[in-house]
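Engineer: starting from these lines, generate the structure:
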Amino acid sequence: MAPMKVYGWAVSPWMARVLVCLEEAGAEYELVSMSRNGGDHRRPEHLARNSLSEIPVLEDGDLTLYRGRYVFQFKLSKWSSDMPELLGAGSLEESAMVDVWADADAHQLEPILKPIVFNCIIHPFIGMDIDQGLIDESVEKLKKLLEVYEARLSSNKYLAGDFVSFADLTHFFFMRYFMATEHAVVLDAYPHAKAWWDALLARPSVKKVIAGMPPNFRFGRKLIVSGYLRENS
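Structural biologist: Residues are numbered from 1 along each chain as shown. You can find the predicted model right below:
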């Protein structure tokens, strides 16, 4: 069978979520790099894969999936017999905790990190105004949220327990870019959360994917306005 194909650009946090999943599984796949400047995501052949012009898109035989979080979860479910711990398949309690902390990333952490990343990295690079008030507000929200993470990680090495899971890996993507901002020092006040983050960075899958995620996104004005904002989680 031909290897899976993943379409998109590696700097995308949503794209990286899928790539880490595939790397964790040791899956054979082909990364089909697309050009944001060239508008590849708006070309007819890509719209046939995803009519919303989003990335990433994964083709696995006759199956086509998009939206990184769902691709990630589907592929891990498919490989759950080989990697049961990634979905907490050891028990109902572990599985529930994976879901709880994956939702914490989606509905708590990511919405807080986005305005910090956008205003600290993307807006200066493309000449947009920086909303310092929004940055400060988001940093304060982050501190409060990190107190929750610190409490959880003070009694567990990872979020769902003492095993790395989808719940941990899905946190990596926006955290990677947040940690490239001047506000990354915030994490130092939460030693258990910092140790957890360092443990994620040490994983071979994360090391490989992060190599394609430079801190400035490799974006220019046209790339961000016409490309980045069409990505979707």
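Engineer: and the closest residue to H41 other than its chain neighbours, how many neighbours?
Structural biologist: Nearest residue to H41 in three dimensions, chain neighbours excluded: S53, at 4.8 Å (C-beta to C-beta, 6 or more residues apart in numbering). No exception for glycine: its C-beta is placed from N, CA and C like everyone else's. Neighbourhood size, S53 [other C-beta atoms under 10 Å]: 18.
Engineer: for S53, give me its contacts.
Structural biologist: Neighbour list for S53: H41, R42, H46, L47, R230 [criterion: C-beta atoms under 8 Å, 6 or more residues apart in numbering].
Engineer: ramachandran angles for it?
Structural biologist: Here is the backbone geometry of S53 (degrees, to the nearest 10): phi 60, psi 30.
Engineer: state the distance from it to M34.
Structural biologist: According to C-beta to C-beta, to the nearest Å, S53 and M34 sit 11 Å apart.
Engineer: check K114 too.
Structural biologist: According to C-beta to C-beta, K114 and M34 sit 22 Å apart.
Engineer: again with D188
Structural biologist: Distance, D188 to M34, using C-beta to C-beta: 37 Å.
Engineer: give me the more crowded residue out of these two.
Structural biologist: M34 (19 against 9).
Engineer: surely that one touches R49?
Structural biologist: No: at 10.7 Å, M34 does not count as touching R49 under the criterion of C-beta atoms under 8 Å.
Engineer: quick one: low-confidence parts of this protein?
Structural biologist: Filtered on pLDDT under 70, the chain yields the residue ranges 1, 67-85, 87-90, 217-233.
Engineer: can we see that at 50?
Structural biologist: The model of the chain has pLDDT under 50 over residues 220-233.
Engineer: the longest helix in it is where?
Structural biologist: The longest helix of the chain (DSSP state H) is helix 132-153.
Engineer: and for L86, the neighbour number?
Structural biologist: Counted with other C-beta under 10 Å, residues neighbouring L86 total 25.
Engineer: hang on, it in a helix?
Structural biologist: Yes: applying DSSP: H, G, I helix; E, B strand; the rest coil, one finds L86 inside a helix.
Engineer: where's it relative to R203, distance?
Structural biologist: Taken as C-beta to C-beta, the span from L86 to R203 is 12 Å.
Engineer: all helices of the chain, in order?
Structural biologist: Going by DSSP H, the chain shows helices at 13-25, 44-47, 68-78, 92-104, 110-117, 123-126, 132-153, 166-169, 172-178, 191-201, 204-210, 221-226.
Engineer: what sits against the residue positioned nearest the centre of the chain?
Structural biologist: The structure's the chain has its C-alpha centroid closest to F173; by C-alpha atoms, centre = their mean the separation is 2.8 Å. The contact partners of F173, by C-beta under 8 Å, 6+ apart, come to P13, W14, A16, R17, G68.
Engineer: give me the neighbour count for the spatially closest residue to M128 that is not a sequence neighbour.
Structural biologist: The spatial neighbour of M128 that comes closest, neighbours along the chain excluded (C-beta to C-beta, 6+ apart), is I122 at 7.6 Å. By the criterion of other C-beta under 10 Å, I122 has 20 neighbours.
Engineer: next one: the one 4 residues further on
Structural biologist: I126 has 16 neighbours, counted by other C-beta under 10 Å.
Engineer: roughly how far apart are it and L113?
Structural biologist: I126 sits at a distance of 19 Å from L113 (criterion: C-beta to C-beta).
Engineer: need the overlap of contacts for S53 and M34.
Structural biologist: Taking C-beta under 8 Å, 6+ apart as the criterion, S53 and M34 both touch H41, H46.
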